[in-house]
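**Q** Need a 3D model of the sequence below.
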Amino acid sequence: MAEAKVFPMNTFVSCLKGASAADAATIELLSFLTQGEVDAEFAPIAAALSKAWIYEQEPQLAKAAAGDVAALGEKVAVKPLPDAALAQAQAILSQMAELRAQNATLSAQVEKLTADAAAKGDEVKALKAKLKPLEEQAAQGDVKLQVSNSKMDEHIKKLEQLMEEVAKVKAQGVVVAGVAGGAAAAGADAGAAASGDASGAPSVGGEPEADFGLGSNPFADANW
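**A** Numbering: from 1, shown residues only. The predicted structure is shown next:
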């Protein structure tokens, strides 16, 4: 065990009766008592562990006022905590140090995640800003497409009407052609009758016979 060490009485009084905030001298005393690394954050815990042992050894100090303790002298010699109390104090301080390290790690992770979230938020804003013109263009394209479809439907209807008119014209053209063909046939028959080809009429013309200079004799036929 380490030898006793002398500290000013006011430092000892601050350790026992002082406020929760510890000065450098009190932290040095607590580090010696616990044989560990005590800082301002761990000082209240180290002080509570140290006072428990000191009051156990000197019960009158627990009831004494700060002035009464200070009147005991200018300096005081103290030893580190005994083995059992020292092991308990060091275990608690070690756990506190681990928890503080874990808390620091978690705080760093939270800070990083917060920064990443902020960066992602900025990226989302930027993407939304880029997407807005595209959405507007798409909306305009939809309107144009609707107009185009309307015009296309209109053209299709006009084309269908035109096809119906064409079909009607074709049908009327066939009828006219039939009438024209009949008229042509009637004209041919009339021509044939005029030339003497009609049934029951004698043919005239042809080469003149040798004994008569007026051509064929229509009255020489036995059928006449």
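
**Q** rest of the way, CA atoms for contacts and neighbours
**A** Fine.

**Q** thinking residue 86 is in contact with residue 34, fair?
**A** Yes - using CA atoms under 8 Å, residue 86 is in contact with residue 34, at 5.8 Å.

**Q** Helices along the chain, start to end?
**A** 9-17, 24-34, 43-57, 59-63, 66-70, 83-194 (DSSP state H).

**Q** Which of those sits closest to residue 3?
**A** Smallest distance to residue 3 across those (CA to CA): 10.4 Å, for helix 24-34.

**Q** taking the mean pLDDT, what do you get for that closest one?
**A** The average pLDDT within helix 24-34 is 89.

**Q** on that earlier part again, between the helices of the chain, which has the poorest mean confidence score?
**A** For these, where the average pLDDT is lowest is helix 83-194, sitting at a mean of 76.

**Q** could you list every residue that touches the residue nearest to the spatial centre of the chain?
**A** Centroid-nearest residue in the chain: residue 124, 8.7 Å away (criterion: CA atoms, centre = their mean). By CA atoms under 8 Å, 6 or more residues apart in numbering, the contact list for residue 124 is empty.

**Q** burial measure for residue 28, as a count.
**A** Using other CA atoms under 10 Å, residue 28 has 17 neighbouring residues.

**Q** actually residue 17, not the one I wrote
**A** 19.

**Q** was I right about it contacting residue 67?
**A** No - Residue 17 is not in contact with residue 67 according to CA under 8 Å; the separation is 9.7 Å.

**Q** Tell me which residues touch residue 11, please.
**A** 25, 26, 29.

**Q** switch the cut-off to 10 Å
**A** Residue 11 is in contact with 17-18, 22-29, 70, 74-76, counting by CA atoms under 10 Å, 6 or more residues apart in numbering.

**Q** can you put the helices of the chain in TSV and add distance to residue 3?
**A** Conversion of the helices of the chain to TSV gives the following (distance: least, CA to CA, whole Å):
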stretch	distance to residue 3
helix 9-17	17
helix 24-34	10
helix 43-57	17
helix 59-63	22
helix 66-70	23
helix 83-194	14
